[in-house]
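J.: Okay, predicted coordinates and the sequence, questions at the end:
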There are 2 protein chains.
Amino acid sequence: MTLTELRYIVAVARERHFGRAARACHVSQPTLSAAVKKLEDELGVALFERTPAEVRVTALGERVIAQAQRVLEQAATIRELARAGADELAGPLKTGLLPTVGPYLLPGLIPLLHKRAPKMPLVVEEHPTEALRHRLKDGALDAVLVSAPFVEPGVVTLPLYEEPFVLALPADHPLAHKKSLSIEALRQENLLLLGPGHCFRDQVLSVCPVCETPSGTEHSIQRTLEGSSLETIRHMVASGVGITLLPCTAAHGYSKKILAVRRFPGEQPVRRIALAWRASFPRPKAIEALRRAVLACPLECVRFLAHAVPVAA
Amino acid sequence: MTLTELRYIVAVARERHFGRAARACHVSQPTLSAAVKKLEDELGVALFERTPAEVRVTALGERVIAQAQRVLEQAATIRELARAGADELAGPLKTGLLPTVGPYLLPGLIPLLHKRAPKMPLVVEEHPTEALRHRLKDGALDAVLVSAPFVEPGVVTLPLYEEPFVLALPADHPLAHKKSLSIEALRQENLLLLGPGHCFRDQVLSVCPVCETPSGTEHSIQRTLEGSSLETIRHMVASGVGITLLPCTAAHGYSKKILAVRRFPGEQPVRRIALAWRASFPRPKAIEALRRAVLACPLECVRFLAHAVPVAA
DNA sequence: CATAAGCGATAGATAGAGCCTATCACGGCG
DNA sequence: CGCCGTGATAGGCTCTATCTATCGCTTATG
């Protein structure tokens, strides 16, 4: 039994005439006759009674043809489903990003993407790098925004922008007004840090000066704040608890009279935010739309990498 | 799109593995891969995301496969319909017969046929010959029992039995006891006749003697009883209104003290009852069952023609 | 009554679809 | 680094869906 054969018997039943039915199906009359006969043989029943005057549908044929029509309708809805879903820019895109990225990127990204791909809602999750990696691999996420390097077999990674780290400190802190600023100057400062697992924490530690201690090398005086976010740390800095390094996109929002933000001179510490997706993900246009939307985001302090080349691991 | 392809994608979705799905479908893995790809190309969408670790069903794929399952179920119903209807001895057989046959044949025929083909109810209509002819040709009836000759293009006719005409008359009628009986003796009798359109009326007239009248040749004194049946005529004969000729199967039922029934000696007038059906009717076994059931009917006064050969016009 | 026309079935030929085996490319794993 | 398992690809074969041409039957018509 084939869908073609079902189309043929429905046509014959409708036209009550093999020749007309064949024309309606755009095949020759022998083709249609043979197909009908083949189906009748396969089913072991006569669907039509051929008389010289007319083609009559048997009692059983009526039921079979009604059912065939149902099958054809259902098959047609498959095509409709496909047509409706053929647009890669339709349907939710499951996206994951770092907690140190989301709050500062999404407010600009979401409206942009909604304008460019209105039928593609962005479903967003925030997780640390390793959770993002895992959820990307097992299909829970379609795309992730992480900090480079991000190497994973079967995953394509594409850097989107470089984001300098800036120093955030209370407005009345001595370093807020010192002419020359260097990383070294942080050695004796009380540095507030995100909890372990946050890649930004590790990046901060890797650029900060270390100090000698009895137990070996240690970083400057620091307080790790478990379960906190950049936002809470910023509030704490503003309230005078200590200083911190922030991605530049996370530095704004406080009055300068309370919170001072300073760039480092010369070669600045940076992180490189990259977009990553499974190489096999079947909606490349959705990825591309997301990429372009990120590049168009109003992030004033970052350096966009519009012409970076995707790298597959 | 083919039903085979739909089967394949459903299997892949179920097994989440091309190789296992191929085994489940009893085809090689490349065959299945190619078929899935062909369907995806035709629909213009990706149904599966192939990763080294596993095969993932896309969001759209989920919907397409659910729909495909529905299509396959509906297609399976066609097979079930056909299987249930493959028995030619199942389903009603639309049968028509003469009003002068039905009341005398059916009481014996129905139980016999019900025993031999329990799943084939006999749907019965009584009509005059021409109405039967018309309804047979246009498919309203599948088989008819008529009086031969019955010639019709595309229709096969097969005589089943010969039925003598007998004389019915009041028990106190002179002819009821006369030793020698001949058709000629009816010349002056009051002959009761069915209305025009009944073939039996014509058959009776064709065997009865005619008498000369001023306006030409006419039959013996007769009364045509419009809208009547053999039954009513028989009652009228019993009540003494006149005499009549009856098919022998219609002669029984009255006490001999009231209604006398006499055969004619020698060559008897007869009618030949035949079974007729469209040559193209697709249930020959149903016709054969009906034929055998008629031949097995307890009609004591008829001569069965068990070995007659079907004749197509 | 013979001829012509209409219809579905049949015959023979051809192109394509479906299927196979063998092999490749790629990632995972010891 | 080589081996295994996966799905994709290549090459070849068979079957089938389709075509054109024709037949056989029935009906309409001169």
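T.: That came through fine. Numbers count the residues shown, from 1 in each chain, chains lettered A, B, ... in the order given.
J.: Which neighbouring residues are in contact with A:Leu93, exactly?
T.: A:120-123, A:142-143, A:283, A:286, A:290 (C-beta atoms under 8 Å, 6 or more residues apart in numbering or on different chains). All C-beta atoms are positioned from the backbone trio N, CA, C, and that covers glycine.
J.: Pull out the buried members of these.
T.: Among the contacts of A:Leu93, those classed as buried by 16 or more other C-beta atoms under 10 Å in any protein chain shown are A:120, A:122, A:142-143, A:283, A:286, A:290.
J.: Please work out which residue of the stretch 51-200 of chain A is closest to DNA strand C.
T.: Of the residues in the stretch 51-200 of chain A, the one nearest DNA strand C is A:Pro153, at a distance of 2.9 Å by C-beta to the nearest atom of the strand.
J.: Report the secondary structure element holding that residue.
T.: Counting by DSSP states H and E, no helix or strand carries A:Pro153.
J.: And for A:Leu230, the neighbour number?
T.: For A:Leu230, the neighbour count with other C-beta atoms under 10 Å in any protein chain shown is 24.
J.: Tell me which residues touch it, please.
T.: So A:Leu230 contacts A:99-100, A:103, A:194, A:200, A:246-247, A:250 (C-beta under 8 Å, 6+ apart).
J.: Which one among those sits at the bottom for pLDDT?
T.: The weakest per-residue confidence within the contacts of A:Leu230 falls on A:Leu194 (79).
J.: how near is the nearest residue to that residue once chain neighbours are set aside to chain B?
T.: Spatial nearest neighbour of A:Leu194, excluding adjacent residues (C-beta to C-beta, 6 or more residues apart in numbering or on different chains): A:Arg201 at 4.3 Å. Per C-beta to the nearest C-beta, to the nearest Å, A:Arg201 is found 30 Å from chain B.
J.: do the same with A:Pro196
T.: On the measure of C-beta to the nearest C-beta, A:Pro196 and chain B end up 29 Å apart.
J.: Looking at that residue now. What's its pLDDT?
T.: 74.
J.: did I read that right, it in a helix?
T.: No - going by DSSP: H, G, I helix; E, B strand; the rest coil, the assignment for A:Pro196 is coil, not a helix.
J.: okay, and for chain A, where does confidence drop off?
T.: A:176, A:181-189, A:208-227, A:313 (pLDDT under 70).
J.: care to break it down by domain?
T.: Domains of chain A are assigned by automatic domain parsing as A:3-85, A:93-162+A:271-312, A:164-262.
J.: one step back: select only the buried ones of the contacts of A:Leu230 in PyMOL?
T.: Filtering these down to the buried ones (16+ other C-beta under 10 Å) takes a single PyMOL command:
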select buried, chain A and resi 99+100+194+200+246+247+250
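J.: Of the contacts of A:Leu230, which are in range of DNA strand C?
T.: Subset of those in contact with DNA strand C: empty, counting by C-beta under 7 Å from any atom of the strand.
J.: Please narrow the contacts of A:Leu230 to those residing in strands.
T.: Here DSSP state E is the test, and the contacts of A:Leu230 give A:194, A:246-247 as lying in strands.
J.: Okay, helices next: where are they in the stretch 51-200 of chain A?
T.: Counting by DSSP state H, counting those that start in this stretch, the stretch 51-200 of chain A has these helices, from start to end: A:59-85, A:102-116, A:129-137, A:199-207.
J.: mind listing what's buried in the second one?
T.: When you say that, I think you mean helix A:102-116. A:102, A:104-106, A:108-109, A:112-113.
J.: Of those, which is the nearest to chain B?
T.: Using C-beta to the nearest C-beta, the shortest approach to chain B within the buried residues of helix A:102-116 belongs to A:Leu113, at 18.0 Å.
J.: wait, what's in contact with the closest residue to the closest one other than its chain neighbours?
T.: Leaving aside its sequence neighbours, A:Leu113 sits nearest to A:Ala293 (C-beta to C-beta, 6+ apart; 4.3 Å). By C-beta under 8 Å, 6+ apart, the residues touching A:Ala293 are A:109, A:112-113, A:116-117.
J.: can you list the residues of chain A near DNA strand D?
T.: Counting by C-beta under 7 Å from any atom of the strand, chain A sits next to DNA strand D at A:2, A:4, A:26-31, A:34-35, A:38, A:52-53.
J.: any chance of these in TSV, with secondary structure, distance to DNA strand C and neighbour count too?
T.: Listed next are those as TSV, based on DSSP: H, G, I helix; E, B strand; the rest coil; distance: C-beta to the nearest atom of the strand, whole Å; neighbours: other C-beta atoms under 10 Å in any protein chain shown:
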residue	secondary structure	distance to DNA strand C	neighbour count
A:Thr2	coil	8	15
A:Thr4	helix	10	16
A:His26	coil	15	7
A:Val27	coil	12	18
A:Ser28	coil	8	12
A:Gln29	helix	6	15
A:Pro30	helix	3	10
A:Thr31	helix	8	14
A:Ala34	helix	6	14
A:Ala35	helix	10	21
A:Lys38	helix	10	14
A:Pro52	coil	6	8
A:Ala53	coil	8	11
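J.: Show me the strands in the stretch 201-313 of chain A, by range?
T.: Listed in chain order, the strands of the stretch 201-313 of chain A (DSSP state E, counting those that start in this stretch) span A:210-213, A:216-219, A:222-225, A:244-247, A:259-262, A:270-278, A:303-304, A:311-312.
J.: The lengthiest strand in chain A pairs with which strands, parallel or anti?
T.: When chain A is parsed with DSSP E, its longest strand is strand A:155-170. Partners of strand A:155-170 in the sheet, by DSSP bridges, are strand A:244-247 (antiparallel), strand A:259-262 (antiparallel), strand A:270-278 (antiparallel), strand A:303-304 (antiparallel), strand A:311-312 (antiparallel).
J.: Let me know which of those is tucked in deepest.
T.: strand A:244-247 (a mean of 26; mean count of other C-beta atoms under 10 Å in any protein chain shown).
J.: Residues contacting it, please?
T.: A:100-101, A:104, A:163-169, A:191-193, A:200, A:204, A:207-208, A:230, A:233-234, A:237, A:261, A:269, A:271.
J.: if you set the cut-off to 6 Å instead, what comes out?
T.: The set of residues external to strand A:244-247 that reach it, using C-beta atoms under 6 Å, 6 or more residues apart in numbering or on different chains, is A:163, A:165-166, A:168, A:192, A:204, A:233, A:237.
J.: tell me the contacts of A:Ala279?
T.: Going by C-beta under 6 Å, 6+ apart, the list of residues near A:Ala279 reads A:154, A:156, A:312.
J.: Spell out which residues of the stretch 1-150 of chain A are next to DNA strand C.
T.: Going by C-beta under 7 Å from any atom of the strand, the residues of the stretch 1-150 of chain A near DNA strand C are A:17-19, A:29-30, A:33-34, A:36-37, A:50, A:52, A:55.
J.: Show me which pair in these is furthest apart.
T.: The two members of those with the most space between them (C-beta to C-beta) are A:Ala34 and A:Pro52, at 19.8 Å.
J.: Could you work out which of the helices of the stretch 51-200 of chain A reaches nearest to B:Ile78?
T.: helix A:59-85 (4.9 Å).
J.: What are the buried residues along the closest one?
T.: So, applying 16+ other C-beta under 10 Å, buried residues of helix A:59-85: A:60-61, A:63-65, A:67-71, A:74-75, A:78, A:81-82, A:85.
J.: wait, does it contact chain B?
T.: Yes - contact of helix A:59-85 with chain B (C-beta under 6 Å from any C-beta of the partner chain) involves A:59-60, A:63-64, A:67, A:70-71, A:74-75, A:77-78, A:81-82, A:85.
J.: Now do that helix: which elements does it pack against?
T.: helix A:3-15, helix B:59-85 (3 or more C-beta pairs under 6 Å, 6 or more residues apart in numbering or on different chains; DSSP states H and E).
J.: A:Phe200 against A:Val101, yeah?
T.: No - if you go by C-beta atoms under 6 Å, A:Phe200 and A:Val101 don't touch, sitting 9.0 Å apart.
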